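Colleague: Curious how this folds, go ahead:
(chains A and B)
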Amino acid sequence: MSKLKINVRSHKIDNCEVQIVDVGGFLDAHTVPQLESTLNAFFKIEQYQIILNMVDLQYISSAGLGLLVVAKDEIENNKGSFFIVNLSPGVHKVFDISGCTKIFQILQQEYDALNEFEKNKSEKKEL
Amino acid sequence: MSLKKINPKKKNYKKMKKTIDIKIYSDFIYLAYVRRFVESIGQEEVWDSDVTEQVVISVDEAVTNVMEHAYECKQGCPIKISFVIEVDKFSVFIIDQGKSFDFRQLLMGDIEKKLEERLRRGRGTIIMKRFMDTLEYRSEEGKGNILKMVKHL
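Modeller: Predicted coordinates:
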């Protein structure tokens, strides 16, 4: 059975908590509600610093991409940051062909995204 | 499932047209089964893995469209999927009895511009258009809606 696996971790940068969501398996119209409820749970407690680590994601359809577009809008409307990391070549191709590489901040590794959060944090401090 | 026109004893049977029909019901739970089925056709026919991946996602998108739009997420409505395997092309027919929709409208206009817009919906049709070689949609009274997709091999 093609399932979606979700694991949530958190990482602290100073006083800011970054939520890291490991997404594995298959993200299609059937499994999208699972990830949607995970993200909505963050939004409910006003957590808008999110990294999606898709290292074990084997498949994504447009239903999954649609959810990510909505999540990105919600995060940006609340002045948060959203990074997607570790896309497999097959999943990256779907992002690319559907124009999503232009919409999302896609980085290679999780630490690249954490560095971005660190950078944003220190830029804000300087201001 | 019915497998027609195959006679392994006949010479050149691999070159023959093979037709496989399956019937599912509108429920997203079936998507994984349909993908596995298409993947197995690709393996049996020894397609390039890229081709298999492209056909798999296109069929997933088309079936999802039927469930979401034609049947408006109502469960238990019939969807017939016919796969026609030929030496130089693979055709898929997806037939439903739900609401028809303006498929052409979805594909018209500047696709690049459409992709840059942050749409939650509509990317599926664009994925199908980019991965398959032809898409034809028609709606016929009494017959239902038929989407035909062809991938040249």
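Colleague: following the lowest-mean-pLDDT helix or strand in chain B, which helix or strand shows up next?
Modeller: Using mean pLDDT, DSSP states H and E, strand B:2-4 stands out as the lowest-scoring helix or strand of chain B, at a mean of 56. Downstream of strand B:2-4, the first helix or strand assigned by DSSP states H and E is strand B:18-25.
Colleague: Now do the buried residues in that next one.
Modeller: The neighbour-count check on strand B:18-25 (16 or more other CB atoms under 10 Å in any protein chain shown) flags B:Lys18, B:Thr19, B:Ile20, B:Ile22, B:Ile24 as buried. From N, CA and C alone the C-beta is placed, and that goes for glycine too.
Colleague: The last one bridge partners, please.
Modeller: With DSSP bridges as the criterion, the beta-bridge partners of B:Ile24 are B:Ile79.
Colleague: For it, give me its contacts.
Modeller: The neighbourhood of B:Ile24, defined by CB atoms under 8 Å, 6 or more residues apart in numbering or on different chains, consists of B:Tyr30, B:Tyr33, B:Val34, B:Val63, B:Pro78, B:Ile79, B:Ile81.
Colleague: what about B:Cys73, neighbour count?
Modeller: 11 (other CB atoms under 10 Å in any protein chain shown).
Colleague: Who are the contact partners of it?
Modeller: By CB under 8 Å, 6+ apart, the residues touching B:Cys73 are B:Ser26, B:Met67.
Colleague: How about the secondary structure of it?
Modeller: coil (DSSP: H, G, I helix; E, B strand; the rest coil).
Colleague: Show me what the helix or strand hosting A:Leu68 packs onto, helices and strands only.
Modeller: A:Leu68 is located in helix A:62-77, with elements delineated by DSSP H and E. Packing partners of helix A:62-77 (3 or more CB pairs under 8 Å, 6 or more residues apart in numbering or on different chains; DSSP states H and E): helix A:32-44, strand A:49-60, strand A:81-85, helix B:49-65, helix B:123-131.
Colleague: Among those, which comes closest to B:Val38?
Modeller: helix B:49-65 (4.8 Å; CB to CB).
Colleague: Any buried residues in that closest one, and which?
Modeller: Those would be B:51-65, for helix B:49-65 by 16+ other CB under 10 Å.
Colleague: any idea how far A:Lys3 is from B:Val63?
Modeller: Distance, B:Val63 to A:Lys3, using CB to CB, to the nearest Å: 19 Å.
Colleague: coming back round to it: buried residues, the helix holding A:Leu68. List them.
Modeller: A:Ser62, A:Ala63, A:Gly64, A:Leu65, A:Gly66, A:Leu67, A:Leu68, A:Val69, A:Ala71, A:Lys72, A:Glu74, A:Ile75.
Colleague: about what we covered before: okay if I get the helices and strands packed on helix A:62-77 as JSON lines plus mean pLDDT?
Modeller: Shown next, in JSON lines, are the helices and strands packed on helix A:62-77 (pLDDT from 0 to 100):
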{"stretch": "helix A:32-44", "mean pLDDT": "97"}
{"stretch": "strand A:49-60", "mean pLDDT": "96"}
{"stretch": "strand A:81-85", "mean pLDDT": "96"}
{"stretch": "helix B:49-65", "mean pLDDT": "96"}
{"stretch": "helix B:123-131", "mean pLDDT": "91"}
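Colleague: can you put those in a markdown table and add distance to B:Glu86?
Modeller: Listed next are the helices and strands packed on helix A:62-77 as a markdown table, based on distance: least, CB to CB, whole Å:
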| stretch | distance to B:Glu86 |
| --- | --- |
| helix A:32-44 | 34 |
| strand A:49-60 | 27 |
| strand A:81-85 | 39 |
| helix B:49-65 | 14 |
| helix B:123-131 | 18 |
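Colleague: name the element the residue nearest to A:Tyr59 when sequence neighbours are not counted belongs to?
Modeller: Distances taken as CB to CB, 6 or more residues apart in numbering or on different chains put A:Phe26 closest to A:Tyr59, at 4.5 Å, once the chain neighbours are dropped. Using DSSP H and E, A:Phe26 falls within strand A:16-27.
Colleague: Tell me the residues of chain A that contact chain B?
Modeller: Counting by CB under 8 Å from any CB of the partner chain, chain A comes close to chain B at A:1-2, A:26, A:28-30, A:59, A:61-63, A:65-67, A:69-70, A:72-73, A:90, A:93-94, A:97-100, A:102-103.
Colleague: try it again with 10 Å
Modeller: Contacts of chain A with chain B, taken as CB under 10 Å from any CB of the partner chain, map to A:1-3, A:26, A:28-33, A:59-70, A:72-73, A:76, A:90, A:93-94, A:96-103.
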